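**Q** Below is the sequence, then the predicted model.
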Amino acid sequence: MEGAAMNQGVDLNDADSVVGAVYFVVGRGTEGGAASYRLSIAGVTNSTWGMVDAVASNSGYTIGAIQVDLGQRGTWPLGETGDRALEEGEISYVDAIIEQASGYAERNGLQFTDDLTRLRSDLLSHGDGGLRPNGTRREEVSFIDTATRDSINAWAGSDEGKNWIHRNIDIAQVRNISTAATTMVEDFGQNIPEDRKFEVISMIAKTANQMPARLDRFETALKDGGDYDAVMAVGERLDSNISYYDGLKAAAIARRYQAEYADPLKQAAMDRAHAKVSAEDYDPATEAGDLDIQQSLHAVGLRSRHLSHSEQVTLQLQENLNTLGFTDARGRALVVDGDFGPATRHAIEAFQSDRGIEVDGRLTPGIVEAIQDRVNELDPQQAFDRALQGIPAVDSSLSGRSDAGAAVQALRAGLSQPEGRQLQLCGPEPVFDDPRMQRLAAALLADDDAAVSRICAEIERSPEVEAMVRQGHETLAEQERQQQDAARQNEAQSQNLVHH
């Protein structure tokens, strides 16, 4: 019977399984949602941008699920996990990021500094200027201008940026810290129970990510015959002395992750998720519709496909606040879990203060719209993508409401075409001259059925909708004709092959 049972924990003998699990626990779990896809500095919030004394110790600019510190590793060859001289045809992390982000900004009409030499120097800077234990002073971060920062974040948060970051930064770094932690536990962790080893691996991996110079403390404890409690005590000492240390947090998330993984109904999906994210060609932009990825994200306390509508609104709000760089009271990115707690309230208050809005920290349709509008301002392409992705939700809400459903179907058809950009809901050229679609979106977010019905009635009667319905029907008819032509051509080709 024992041989027939499923594994109770992540298979530590399978390198890809460990890499995938560490990606979720250490990368997504301890960093949280969209924090992977923006430029940040540990300890620095939007309101403290430019203040060196807010920087956490020797931290520099970080990016990626593992938050690679450019101040420490920016000159390494792209994709490498150690320092060496660049070979012909290679490029460093910092230069590659500048190249990608500046190109994206140019293509999308975003502001970006012309002084790339200065930008490179700034991105490689790090430190709070404070005293080291030996009495010498650390270096100081040099802050880049906010317009360029926002443009880099727009690139990093786009589908293009997410794919590039995963392929060129995340997967190499995750493999590095996973290997270092697993090797240490395999070599010296004989006194750690098998069912606690993944917790220890996750804590050591997070330490390798945040402060590799402290790894020797764990190795010493293990070599001295330390058990689980002895190793956790090392993490507790680091946590008590270093405010931003997240090793214990990683261990706690790993404990939850193992509990989820032990469920036979979830294990197969999580195994598939591990295999997907450990591949270089994984596309983070597809995760919202991937049930396997959603299962592993849920296991680390992030998004779930079974959230209430209000939780979904909060979840999107948290992602947007992370994208804009608004954090909790300790300067940490928000955990994207749909839970409206003190951390999210603090980030809303920081946004309100930054934008000159009355500071009350309340989650209202108005603040949701204001935050979304700010994200849209940073990246018109993302705004267009969100409009397109949001059409099915609007379609569902209008289901059975006379011609409004047909109008939305027509809108979707128009947006699906290259020329459909002129119909986009957000950005400089909205669908309608009046704000009815924006009001509809706000009403849907607020679950205000009466307002939805009232606005739908307005939309149904509008000449714009009639025109859009006609255009949509024409587009759909053309699509159907093209599909029929393609089917006839395929059939003819098949018959020719049979005759020959």
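**A** That came in fine, so what should we check first?
**Q** So residue 336 versus residue 37, what's the distance?
**A** Remark: distance between residue 336 and residue 37 (CB to CB, to the nearest Å) = 11 Å. Heads up, the C-betas are built off the backbone N, CA and C, glycines and all.
**Q** same deal with residue 261?
**A** 26 Å.
**Q** Who has more neighbours out of those two?
**A** Legend: neighbour count by other CB atoms under 10 Å for residue 261 and residue 37, higher for residue 261 (27 against 23).
**Q** Please look at that one and residue 10 and confirm they touch.
**A** Yes - between residue 261 and residue 10 there is a contact under CB atoms under 8 Å: 6.0 Å.
**Q** who touches both of the two?
**A** residue 21 (CB atoms under 8 Å, 6 or more residues apart in numbering).
**Q** Who are the contact partners of residue 130?
**A** 57, 137, 138 are the contacts of residue 130 under CB under 8 Å, 6+ apart.
**Q** pretty sure residue 285 contacts residue 159?
**A** Yes - counting by CB under 8 Å, residue 285 touches residue 159, with 4.0 Å between them.
**Q** so residue 161 sits in a helix?
**A** Yes - checked against DSSP: H, G, I helix; E, B strand; the rest coil, residue 161 lies within a helix.
**Q** Just the element for the closest residue to it other than its chain neighbours, please.
**A** Of all residues not flanking residue 161 in the chain, residue 155 sits nearest, at 4.4 Å (CB to CB, 6 or more residues apart in numbering). Following DSSP states H and E, one finds residue 155 within helix 146-157.
**Q** Could you pull up the mean pLDDT of that helix?
**A** Throughout helix 146-157, pLDDT has a mean value of 92.
**Q** who touches it?
**A** Residues contacting helix 146-157 (CB under 8 Å, 6+ apart): 34, 37-39, 49, 63, 97, 100-101, 104-105, 108, 110-113, 119, 161-162, 165, 323-325, 378-379, 382.
**Q** go on, stretch 40-54?
**A** Taking CB under 8 Å, 6+ apart as the rule, stretch 40-54 contacts 55-57, 59-63, 67, 128-129, 140-141, 143, 146, 149, 244, 324-327, 331, 333, 350-351, 353-354.
**Q** from the middle of its chain, how far away would it be?
**A** Centroid separation for stretch 40-54 versus its chain: 20 Å, with CA atoms, centre = their mean, to the nearest Å.
**Q** now swap in stretch 283-293 and tell me
**A** With CA atoms, centre = their mean, you get 11 Å for stretch 283-293.
**Q** buried sites along that stretch?
**A** 284, 287, 290, 292, 293 (16 or more other CB atoms under 10 Å).
**Q** Could you list every helix and strand in contact with the helix or strand hosting the fourth one?
**A** Looking back up the chat, that one is residue 292. Assigned by DSSP H and E, residue 292 falls within helix 291-299. Counting contacts by 3 or more CB pairs under 8 Å, 6 or more residues apart in numbering; DSSP states H and E, helix 291-299 is packed against helix 247-261, helix 264-277.
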